[in-house]
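Chemist: Output the structure for:
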Amino acid sequence: MAVCRGARDEEQHISEVFSHVDHGRKGYLTRDELKLAIVELFGYKPSKYEVNEILAKESNISTGISREFFTDIMKSKLSSQDPNDEIRQLFIACDKRCRGFITFEDAKSIFKQTAPFVKHFDLQRMFEEVDRDNDGRVSYRDFEYMMKFTTQ
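Modeler: Down below sits the predicted model:
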């Protein structure tokens, strides 16, 4: 799910988000628009503390957050993210019983909700391929390997 982007693509994406949330095309973001931009870029609503921290760094706060400042801050924020965090969160979501592994029954339940068109036989083959040590369980390492190396 995580997509590796080049620096230019990343900067373009940040700029597109800025344009999308800059209502009225003012050339700067208000506090509320900054929150929307963070939601769009990172998928979570920022805390008041986080927003205040960003606003405190901007020298020209009377008008809002400039595109240049926003781009610099967001590039820094994106580069400091743990690349494995998204994989970890997906594994936790799949490991509904918090056992540290995913069983075939767990996988069936997940696929029934998210991809009901996948046939039982195909799901079983996929599960067996991901279960690298053939113990009937997909460990975090198995899951991480699948997410990192089988989608390339």
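
Chemist: give me the low-pLDDT residue ranges for this structure?
Modeler: Low-confidence segments of the chain (pLDDT under 70): 1-8, 59-61, 150-152.

Chemist: How is it divided into domains?
Modeler: Here the domain parsing of the chain from the TED database is 5-80, 84-150.

Chemist: so where does the most centrally placed residue in the chain fall, helix or strand?
Modeler: With distances taken as Cα atoms, centre = their mean, Glu86 lies nearest the centre of the chain, 5.4 Å away. Counting by DSSP states H and E, the element that carries Glu86 is helix 85-94.

Chemist: Which residue ranges of the protein form helices?
Modeler: Assigned by DSSP state H, the chain shows helices spanning 7-21, 31-42, 48-57, 67-79, 85-94, 104-114, 120-130, 140-149.

Chemist: most packed of those helices?
Modeler: Mean neighbours per residue, mean count of other Cβ atoms under 10 Å, is largest over the helices of the chain for helix 31-42, with a mean of 17. Placement of C-beta: from N, CA and C, glycine included.

Chemist: so what secondary structure elements neighbour that helix?
Modeler: helix 7-21, helix 48-57, helix 67-79 (3 or more Cβ pairs under 8 Å, 6 or more residues apart in numbering; DSSP states H and E).

Chemist: next one: the second one to chain centre, how far?
Modeler: In terms of Cα atoms, centre = their mean, to the nearest Å, the centre of helix 48-57 is set 22 Å apart from its chain centre.

Chemist: Surely Asp133 and Asp142 touch.
Modeler: Yes. Counting by Cβ atoms under 8 Å, Asp133 touches Asp142, with 7.4 Å between them.

Chemist: where does the residue of the chain positioned farthest from its centre sit relative to Phe42, distance-wise?
Modeler: Farthest-out residue of the chain from its mean C-alpha position, per Cα atoms, centre = their mean: Ser62, at 31.7 Å. Between Ser62 and Phe42 the computed distance is 26 Å (Cβ to Cβ, to the nearest Å).

Chemist: Any figure for the gap between the nearest residue to Thr63 once chain neighbours are set aside and Cys94?
Modeler: In space, and not counting its chain neighbours, Thr63 is closest to Tyr28: 5.1 Å by Cβ to Cβ, 6 or more residues apart in numbering. From Tyr28 across to Cys94, the span is 41 Å (Cβ to Cβ).
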